[in-house]
Every structure is written in structure tokens, then in C-alpha cells.
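Participant: Predicted model, plus sequence, below.
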Amino acid sequence: MQAKQKKWFATSAAVMLLASVLSACGNSNDNNKSSASSSPDSTAGTSKEKITLKVEVFDRGNAPAGAGPVTDNFWTQWIQKNFGDPNNIKMEFVPVPRNQEVDKLNVLMATGDAPDLVFTYDMNTIYNYVKDGGLTDLTSLIENAPNLKQFLGDEVLNYGVFEGKQYTIPAKRPLQYAHTAYIRKDWLDKLGLPVPTTTEQFYETLKAFKEKDPGQTGGKVIPYDFSSVDGTAITSPFLPVSSFVKNMSEEDNYALSSSSSIPEITKPGFKDGVQFLNKLNQEGLINPDFALDKDGKQFESDVANGYVGAFTGLAAHANLMGPGKVFDTLKQNVPGAEYISIDPFVNEDGKTAKGIYDPIGIHMMIPKTSKHAAEAMKYLDWMAKSDVLFTLQNGIEGQHYTLENGYPKALTTDEAKKTFYNNSDIAMIVNGRDFGSVDKDIEATAYQFPGYEEIAKQSIQNALKDGYTNPRFDRPIESEIKYGTTLKAKAIEIVVKSILAKSDQFSQLYDAGVAEYLKIGGQAVEDERRAVYKEMKQ
Amino acid sequence: MTNEAKLKRVRPSDIVIMIIVGAAMLICLVPFLHIIAVSLSSKQEIISDRVTIFPRGWDWESYKIVFSDSRMLRSMGLTIILTTVFTIVSMVMSICAAYPLTKTQLKGRSFFMMIIVFTMFFSGGLIPEYLLVKQLGLLDNMLSLILPGMISAFNLIILRSFFTSIPASLEESAYLDGSSHLGTLIRIVLPLSLPVLATLSLFYAVSRWNGFMDALFYISNSEMYPIQLKLYQVVMNSMVTDLTAQEGAAATDVVPEGLKAASIMFATAPILIVYPWLQRYFVSGVMVGAVKG
Amino acid sequence: MDRSLAQSKPLPAAKRRPATGIWKDYQLYLLMLLPIAYFILFKYIPMYGAAIAFQDYSIFKGVTGSEWIGFENFQELFKMSQFYDVVRNTLMLNLLDLIFSFPAPIFLALLLNELRVLWFKKTAQTLLYLPHFISWIIIGGLVYQMFSNKGGLINNVVTSLGFDSIPFLTEKNHWLFVYLGTGIWQSAGWGTIIYLAALTGINRDLYEAADVDGAGRLKKMWHITLPGIRPTIVVMLIMQLGHIMTIGFERPFVMGNTLVMDYAEVISTFVYKAGLQSAQFSLATAMGLFQALVGLFFVILSNTIAKKFGEQGIW
């Protein structure tokens, strides 16, 4: 009994010891952080107390070895040196995991201990914050940030205005390109076909791909490929569909458009576009399992194996043109295979109308609970200075990039990546390269894809041509927030089922689907949009 | 035929059973082999979807990421310590709770059981739990990964159920000899409960080793991330089709499929090592002949 | 294991405990102290969050500052057109799991128990629980490779034999089959562990006695083995019934696709897609409360029934 008791105590003592070691690990870090942020820094040389500015930063878990975490790396130190020190501000970066960013942000906001500068992509969250009065009104503060104001411009800033007040600072997106069409140049050459310039020609080309099988795939050819249609994959079959959409009045356009990648099934002509896809399916010109390929992996593998004749997807995308990715793999599997970007889907006006992204990126906000709103603005204003922004985006010349024709080309050595891995997250006021003009921006972006500069450039140019953005309202549409997700799911279901339906059942299926869609909230959204539009126009 | 011989003879039904079980084993093994193969295959082969059961284009990249990165190794070590401490603490607490609850003379026994079962269904939700952890000063502290999840009501109920199946006569004779409750627990009940103790230790250990959602919210210091969280980050990072996907050079190098597969290997390896060791506690006939009648 | 432990040395007289009543059992209460403290601190204190279901919750005002709106959240929830569909689907999928997936580990454990070749038995145990560690995201990919219409392994075989490809994943009833099957594959092996542990508690003498009576394998299973692990089965069954209204997120989300949404849209995926978790806490909490109440009801019901049959039950 004694021996067993002894053993018991010994074990529990050991456990306590281990537990305290573990908590000490945590505590020491915790103490370091808190002492650093709360007590005045006596070695700063000034007697004034330093203000701590807490800025949110995405943590993607991709810091290379030896690079330091996102809270303390080469760039946080550079920012401290070039912005923090001269302004007597201590920068503190609060990491938020990219995948749980909304949840984590909500949790931080709920504790009343949120960073001074936060951001998110999720519009619903932003509406929530605006509605609940959780954000600082920046309308007057932005006047003290001339660099920022000039850099972003009124159009971009407008996207952050709710009920007449500036609640968020949207990042600028210099290039708004989204989707383009890609086609196998080598197959066209082999069959002696010209590059298609109309939808009809495109269709004929697809048929030729199927019948003549220039890639000698033994029946595995997929003339036109896309994966699931819910807007998360890099492909989208809606590029050809938009060319079927007919002209409509401005009011109708406002009423029938959607703002969250919901297929616009009520727009005149949209049905014809989906019917076109249905025809393609009937003739075996698409991948009948597309609805199952939710993450696009099957699509990527089909392209890499050389089975796909044409596809419509995001222009200049890293998954396709990045090193070791799909196009590289294709080159290895099928020597001589080559894609080019084309723009054949012409609508009734002779234009290749297509949806493009709004000129904004992420929304930056300052919580109402922040006591350092002015300093946060100062930080953004400093970042908007062209030399600062250039350095933050590209790094130090020689260490992180070399100049090629005046454009920075990133150095991809491990050494370079050690001190340059999350700069797109740090330079948060801009989404992409900004060199002052669209052409220059395209050039600069193309340089990011060594070996594919030409197609990257071409794809972006095509993706921008005749692009239109979604009409914007000056206040959020309540019913859309309420029904948005249901409507999206329903619309996608209608599109998918219609594409796969037998051709004689298509019309009935589609129309019944639309009726259902209107019933579960589609009509309410349309009506509200119309009403708000009319209000806006007065 | 003697009983001995009867036992040794292989009956047709034995064969049938072995075939069924063998088929089940195969169905479970083959997909796993595929995953191992993917974790060792090159990017091209993975993208082209050519990997079946054997690796193609041998590529240790995914494992290199895991093993040569000292932060990963440190995280692994941390997670091992964390899991061990957590399992011990959880088991001790669970035993402390389960044993008294088997005693009918415990006042309020039903009441205690009910409030425990109640927690299996009702919880406050993410924000109140986060606020509590924050108020206890446990943010960025390993204890936040141990204390809040210390007792699983499910495991507790199972443990209690097993304790009650120990014949009362065994405990009675111990009491008659003057043993206290604690003594009976340690000298009689626990040794006879080794199978369930081993099982629940396994459950606690596996849930802690593979769980990372709580660390995601409670720990901001990336040097303290449990290994599964680190791997989850790296894998998920490349799956988000960000609107900022214009930064070509910042794209990840290793195809996430290979890394995903390596992560699974990581999740399973410790269990593959630990379980055979635990199997020896699943000894049958522990209670045979203890006390008859 | 030395079974003579029960007859240990008697303690010296001085250590014999005195008194009666509660103090005799003070050790029991002492043992319970920390665990109860744990439940109060970490489970009950945060429970005020359930109030969110009755409020128009704002994360800035917190629970103390948000406005109380009674049952409005529930009314809104019940008014949603998808509510009944997702509840029905959740129940249906869980019920099917109960019928097919619940017995699988028991059956497997019984088989494993019959194995005589020790190395085979040990290897089987180790291999069978491997699928438990494969996350559903990966399983989704594997399922696609096996079951897709064009190019899926199984359909390749089917079509080469001259038949039409089977719409495993694109037709909702076939999809159910795949959903359940993969569920069994993933969980059966791991589920055997608890039953194997329970099997060790069965008195070997009973088997020997049955042999003497000339009982065959199946008779022994039915009259000795199954009753031997019955308490465990009952406990597991009650707990599973308690989760009849809850369903994980990953499995239906990964396995589902647009074409089978009639069956695949469940409470967890609905809550996720509607962004309830991130933007409409009140509704999400109300839904959670609804699920919890239903679960509790079923637990109480099944526990009472079990006790009527002489089983031990959960409390």
C-alpha cells in the first residue's frame, strides 16, 4: 500500500511538473508580449509614452524555415523602423489564420480587444459590423490621409461607404480581370482550324476536337471542360453563357443582377446560354461528371494529361501557370502541347461582354473600440506613399527582385523567400501590381509567371475586354443578405440539373426551377433591388 | 476428441471468418497504401492523377517539409508532451469522477450524472468559451489545450459503465478487510479495468493529437501550434481561391495533395506505434476465478 | 494478472475506519471535487451563451447588452423553407447510420473475437482502424475516383462488362448507398475497440461450460458473447440516439454535390452555407439549442426504456 501510494504521488508530481513546464512555455511568451506592449519603452530615447498600434495580419502557415513568424519577420521589423520609430509607435501584428479569418475576427471583436486595424473579405460580416455600430466612422479621418485618398481614388473609396458614412477602406484592385477562354493551339494547328472568333465557331471547333481527336486521347477527349459551378473553382462555364444575355434597361440590370456569384438565372437570355451548355452535354462535348469535381482537382488532372481542348477559367492563375503546376505538368506529359487565350463569345452587340471583379479587394476597418484610429490611418497613409508601397510589394532590389525592362521580377531563391513570403498580406491596401496604368500593371503581373508571360498577358487582356462590374447600390439589400445563400444554392442546382437534363426536358426543368427560385426569395430580392434603384435615381 | 484438440482444429467456419476479416482488412489497407503512395510521389504524377498504390516519381518533398523544418520537429515534440500530459490528466480526472458515481450510496448520484450528461448536449458556444479562457489568462498558454477539454462526458459514461460491471463481491471483500474507497479503487478496481483504461487513454490521446480547432483560436503564437494545426495551415493555405491570387511567385511549391497525404501519415503514425503496445492490456479473462459466487 | 489481489494483507487495526453515514464515504466526495469543479467552470459557466438564442445578439454588446426577443429566432428558423428539409435529411441520414452503421463494429468485434491465429487477429485490429484517421476531404477524393460515372474505377468495370454506368454519386438514392457504405468503412474498425474491451470481461468459464453442453459457435455468440457485451451496446446506443439531431459537417459536405442536395443538405451544412455561424449568431445558437433539446429528449426516452428492460442506462 505504501509503495503504491508513493508511486501514485510520484506520478502525479511528474504530471504536475510537466504541466507547469508546458504552461511556463506559454506564459513566458505571454509575459514578453504584454510587457512589451503595455510598459513605456525607456530605451526609445524619448520621454513620451509609446503608443502601440495593433494590426491584424493573415497567417497562412507558410513561413519558410528561418523566416520568422508573421508577427515578427523581416518586414515587420522594416515597418517598425520606417514607420513605427519615426512616429513613436510600437507596431504589434496580430495573426489570424486565413481559413478561419471570419470566426477569429468575430471572436476578437467580441472580446472588445480587437486590433486597431482589421480586415475581411466577407461582406455579410461587414454589414453586421456596420449594422451593430461596431466600426469607427472614418469619413473625417480619411481627410487626414491624403496619400491614401489619392492612391485609392473616389471610386474605390465609395465601395466602403454605407449609409453615407465611410466605414471601411477598401483595398484597390488595379486589375479587375476574372475569366478568359483557353484553347489548345497545337490541336487547332493540327486540324488546320482558325482561332474561333464567335460562339458558333467555338462550337464547331469543339465538335472537330471530339470527332477528329487531334490529341489522340483514345476517346478521353473533353472538348470543353469545367468543374463544379459554385464559384470556388478556377473554372466557370458562365463565360460563354454571358454572351447569350440580352440587352436590358438599366433598371432591369440593377434588379436582375446578383452580387455574390449567384448565377443570374432570371436575366433575359441566360436561359439560352444554359441551353447552349445543355446542347454541348447532349453531344458529349463536356465532362458529364463536372458537378462532382468540387475542388477542381479532376479538371486540373485532365488538363495536365492533355485531354482538354478548351476551358474557361481565371486568367493568369498560379494554379495553371505557376512552376510545377498544371501547364508545366502538361508540357512534360505531352510535349508540344500549348494553350493560348481566346475571346470568342460575342453577344448580340458584337462585344465579348463578361463579368469582372469590382475594383476593390479586401475591406479594412477600424473597430469602434480602438483608441488609436488616427494612428491606424496614419499607417495606411504612410503605406500609400509610392516608394513605400513599391518596397512593401516587391522588396529590396537585388535581395528580392531584379529589374527587367523596368519591371520587378521576383527572385525565387530560398534565400530570397526567407525574407519575402507574405508581402501581399502586409501591403494590404492594394490587391495586385499597381504601376499607374492598366498596360503597365498587366506587364508587371505577367512577369510573375516565368515561361508563361505571353499567355498570362493575353489572358488578362482578354479577361478585361468589354468587362462589366455588378451594379452597386448605396446601401445593402436586406433580402439579399437574408436569402443570399439559399438563392445561390438553388440557382446553382437549377443550372446544373438543366445542363444535365435531356434536351426535350430542358425548358420545363429550367422554367420550373426559376419559378421555385422566385418563390423562395428571388422575387423579394428583385423587388427590393428595383425599389432601391428607384430611390437612388431620385 | 479432447477439448485441447478441439480448440486446435481449424474449422471451416474459421476459414470463412478469416476470409471476411481479411477482405475487410484489404478494403481498409488499400486506400491507405494509396495515401502513402501520394505522400511519396512527385508533383507531376499527382497532378496527372496517375498514382495508385505505389509511389510514382519518388519525391520526399512532403516529408522533407515536415522533418527538416526544425519548427515542425519542435511542434511535434511539443505535441507529444501535450498529448501525454493531457491523456494522463484526463484519465485521472475521469477515474476520479467515474468511480464515486458507481456507488449507490453517493448522495446526489443521479443528479451529478444528469448534469454531466447535460453538458454533452448543451454548450455555450465559441464566444463564451473563448471569453472564459481569456479571462482565466490562458490564451497563448498550453493549459488552454488541456483544461477545457479535460473530461469527456462520453468517456466518463463508458468508464462508469465498465466500473459497475466489476462484481460487487470483489469490492466487498476489500472493504471487509478495512480498505478505504481510494484503496479499493487503486488496488482492485483499476487493475481489473485495464482494457477500458487502455481504450479510453487511446481515445483521449487520439482526440488531442488530431484536434486543432481549439488551438486555432486560443493560440496565436505559431511556435506553440500543435503539429496538426501547422499541417492544416499549410494544406488549407493553398486551397483558398483568394481574390488576391495574382501573386504568382508566392504560390506554394509542394502540391497540397502530397502534403495532405503526408499529414495523414503524421496523424496515424503515432497510433500505429502506440496501439500494438496497448493491445496487451486487452487481456481476456482478467476476472475469471477472482471470487466465485 | 495476479487474481489473488482480492485477498491482500489485512490492514493494521489502527487504520480501520470509524463512523458511519456520509463521513464513511468522504473519500468519494473528495474524489468528485475536482471533476465537478471542472464541469462547473468549463461547461456551465460558458452556458450563458445559450441565451444568445433568445436575443438579437450583437458581438459588440455581448450577452449582457443585447436585446431579448424571446422566441423570435426560433420562429424565424421554423419559417425558413429549408428548415424542414435539412431537419428531415439529418434525421434520415442519422437513422440510416443507426440501422446500418451501428451494428457493424459489433459484428466485426464478434468476428475478431473468434479468430484463433493471434498474429492475424492483431494485424487485423491494427489495419481495420486505419480509415478512422483519413479525413473526409481525402475520402471524398477517393470516392470520386472509385464511383464517378465516367472514369470511376467501378464504373469502368461495369461498362466494360457491357452495362450502363451506375450513377453512384449523381442519383440521390444511389448516393445514400455510397454515403452509408463509406461511413461504415470509416468507422467500423475504430468502433470495435470499445467492444473488444468489453469482450475481455466475459467469463471464460461460460464458454467452457457451453462447449460441454455441445453448443456451436453461433449459439455461443448468441447466448454468451452478445449478452456479455450488452451493457456496452446499450450505452453506445443511447448515446448515439442522443445525437440523432446532430450531424458532423465534413462528411455530408464532402460527400454531397449539387445533384443530391435533396438528401445531402443537412443542418450542419445549412448553418455553414447560410453563414449563420459567422454573421447570424442568434439563429445559429437557436438551431443548436433546438438540436440539443431533441437530443436530450431522445436520451431521456431511450434511457428510461433501457432501464425498464433491466439495463443500467446512463444514469
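Facilitator: That came through fine.
Participant: Now do the contacts for the residue most central in space within chain B.
Facilitator: Closest to where the C-alpha atoms of chain B average out (C-alpha atoms, centre = their mean) is B:Val206, at 1.3 Å. B:Val206 makes contacts with B:Ile271, as judged by C-beta atoms under 8 Å, 6 or more residues apart in numbering or on different chains. Bear in mind the C-beta positions are built from the backbone N, C-alpha and C, glycine included.
Participant: Make sure it is indeed in a helix.
Facilitator: Yes. Counting by DSSP: H, G, I helix; E, B strand; the rest coil, B:Val206 is part of a helix.
Participant: Let me see the confidence value for it.
Facilitator: Note for B:Val206: predicted pLDDT of 90.
Participant: For it, give its distance to chain A.
Facilitator: B:Val206 sits 19 Å away from chain A, taking C-beta to the nearest C-beta, to the nearest Å as the criterion.
Participant: Tell me how far that residue lies from C:Glu208.
Facilitator: Applying C-beta to C-beta, to the nearest Å, the value for B:Val206 to C:Glu208 is 36 Å.
Participant: in chain C, which spans are strands?
Facilitator: Assigned by DSSP state E, the strands in chain C fall at C:55-56, C:67-68.
Participant: could you dump the ones you listed to CSV with distance to chain B, mean neighbour count and mean pLDDT?
Facilitator: Below are these laid out as CSV (distance: least, C-beta to the nearest C-beta, whole Å; neighbours: other C-beta atoms under 10 Å in any protein chain shown; pLDDT from 0 to 100):
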stretch, distance to chain B, mean neighbour count, mean pLDDT
strand C:55-56, 12, 18, 90
strand C:67-68, 17, 10, 92
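Participant: quick one, which of those is nearest to C:Asp85?
Facilitator: C:Asp85 lies closest to strand C:55-56 among the strands of chain C, at 25.9 Å (C-beta to C-beta).
Participant: That closest one pairs with which strands, and in what direction?
Facilitator: Next to strand C:55-56 in the sheet, as set by DSSP bridges, lie strand C:67-68 (antiparallel).
Participant: what's the partner strand in contact with?
Facilitator: Strand C:67-68 is contacted from outside by C:Phe54, C:Gln55, C:Asp56, using C-beta under 8 Å, 6+ apart.
Participant: surely the first one meets C:Val63?
Facilitator: Right, the one you point to is C:Phe54. No. If you go by C-beta atoms under 8 Å, C:Phe54 and C:Val63 don't touch, sitting 10.0 Å apart.
Participant: what's the closest of the strands of chain C to C:Thr192?
Facilitator: Per C-beta to C-beta, nearest to C:Thr192 of these: strand C:55-56, 44.8 Å.
Participant: Could you break the chain into its assigned domains?
Facilitator: Picking chain A for this. A:48-177+A:358-432, A:179-355+A:462-537 (automatic domain parsing).
Participant: Switch to chain C, please.
Facilitator: Annotated domains of chain C cover C:20-70, C:81-136+C:188-308 [automatic domain parsing].
Participant: and among these, the most buried is which?
Facilitator: domain C:81-136+C:188-308 (a mean of 19; mean count of other C-beta atoms under 10 Å in any protein chain shown).
Participant: roughly how far out does it sit from the chain middle?
Facilitator: Between the centre of domain C:81-136+C:188-308 and the centre of its chain there are 4 Å (C-alpha atoms, centre = their mean, to the nearest Å).
Participant: In TSV, list the domains of chain A along with mean pLDDT and mean neighbour count.
Facilitator: Compiled in TSV, the domains of chain A are given as follows (pLDDT from 0 to 100; neighbours: other C-beta atoms under 10 Å in any protein chain shown):
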stretch	mean pLDDT	mean neighbour count
domain A:48-177+A:358-432	89	19
domain A:179-355+A:462-537	91	19
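Participant: ok, residue 58 - contacts?
Facilitator: Since you didn't name a chain, this refers to chain A. Contact analysis of A:Phe58 by C-beta under 8 Å, 6+ apart lists A:Val70, A:Pro95, A:Val96, A:Pro97, A:Arg98, A:Glu101, A:Asn422, A:Asp425.
Participant: switch to chain C, that's the one I care about
Facilitator: A:Asp132, A:Gly134, C:Gly65, C:Ser66.
Participant: Intersect those with the contacts of chain B.
Facilitator: Applying C-beta under 8 Å from any C-beta of the partner chain to those, one finds that nothing falls near chain B.
Participant: In TSV, list these along with distance to A:Ala171.
Facilitator: Listed next are the contacts of C:Ser58 as TSV, based on distance: C-beta to C-beta, whole Å:
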residue	distance to A:Ala171
A:Asp132	23
A:Gly134	20
C:Gly65	32
C:Ser66	32
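Participant: Pick the one among these closest to chain B.
Facilitator: When those are compared for distance to chain B (C-beta to the nearest C-beta), C:Ser66 comes out closest, at 11.6 Å.
Participant: just checking, the closest one touches C:Tyr57?
Facilitator: Yes. Taking C-beta under 8 Å as the contact criterion, C:Ser66 and C:Tyr57 are neighbours in contact, 4.7 Å apart.
Participant: which outside residues touch stretch C:124-136?
Facilitator: Under C-beta under 8 Å, 6+ apart, the answer for stretch C:124-136 is B:21-22, B:24-25, B:28-29, B:31-32, B:35, B:210, B:264, B:267-268, B:271-272, B:275-276, B:279, C:108, C:112, C:115, C:139, C:142, C:185-190, C:192-193, C:196, C:250-251, C:253-255.
Participant: hey, C-alpha coordinates of that stretch in CSV?
Facilitator: In CSV, the C-alpha atoms belonging to stretch C:124-136 read as follows (Å, rounded to 0.1, in the frame of the first residue of the first chain):
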residue,chain,number,x,y,z
ALA,C,124,-6.5,-7.2,-38.4
GLN,C,125,-7.2,-4.9,-35.4
THR,C,126,-4.4,-2.5,-36.5
LEU,C,127,-5.4,-2.4,-40.1
LEU,C,128,-9.1,-2.1,-39.5
TYR,C,129,-8.9,1.2,-37.7
LEU,C,130,-6.8,2.9,-40.3
PRO,C,131,-9.7,4.5,-42.1
HIS,C,132,-10.7,6.4,-39.0
PHE,C,133,-7.6,8.6,-39.5
ILE,C,134,-8.4,9.5,-43.0
SER,C,135,-10.2,12.8,-43.1
TRP,C,136,-13.4,13.1,-45.1
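Participant: Now do that stretch, average pLDDT.
Facilitator: 88.
Participant: helices or strands up against whichever strand or helix holds A:Val388?
Facilitator: For A:Val388, the element it lies in under DSSP states H and E is helix A:386-394. Judged by 3 or more C-beta pairs under 8 Å, 6 or more residues apart in numbering or on different chains; DSSP states H and E, helix A:386-394 is in contact with helix A:373-383, helix A:423-426.
Participant: Relative to chain B, which of the ones you listed is closest?
Facilitator: Here helix A:423-426 is closest among the helices and strands packed on helix A:386-394 (C-beta to the nearest C-beta), at 4.5 Å.
Participant: That closest one and chain B in contact?
Facilitator: Yes. Interface with chain B: helix A:423-426 contributes A:Asn423, A:Ser424 (C-beta under 8 Å from any C-beta).
Participant: can I get the CA coordinates of that helix in CSV?
Facilitator: C-alpha atoms of helix A:423-426 as CSV (Å, rounded to 0.1, in the frame of the first residue of the first chain):
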residue,chain,number,x,y,z
ASN,A,423,4.1,40.7,-48.6
SER,A,424,0.8,40.6,-50.4
ASP,A,425,-0.8,40.4,-47.0
ILE,A,426,1.3,43.1,-45.5
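Participant: Centre of the chain to stretch B:141-149, how far?
Facilitator: For stretch B:141-149, the distance to the chain centre is 16 Å (C-alpha atoms, centre = their mean).
Participant: For residue 226, which residues are in contact?
Facilitator: As the question left the chain open, I've gone with chain A. A:Ala233, A:Thr235, A:Ser236, A:Pro237, A:Ile286, A:Asn287, A:Phe290, A:Phe299, A:Phe311, A:Thr312, A:Gly313.
Participant: ah, I was thinking of chain C
Facilitator: By C-beta under 8 Å, 6+ apart, the contact list for C:Leu226 reads C:Leu110, C:Ile233.
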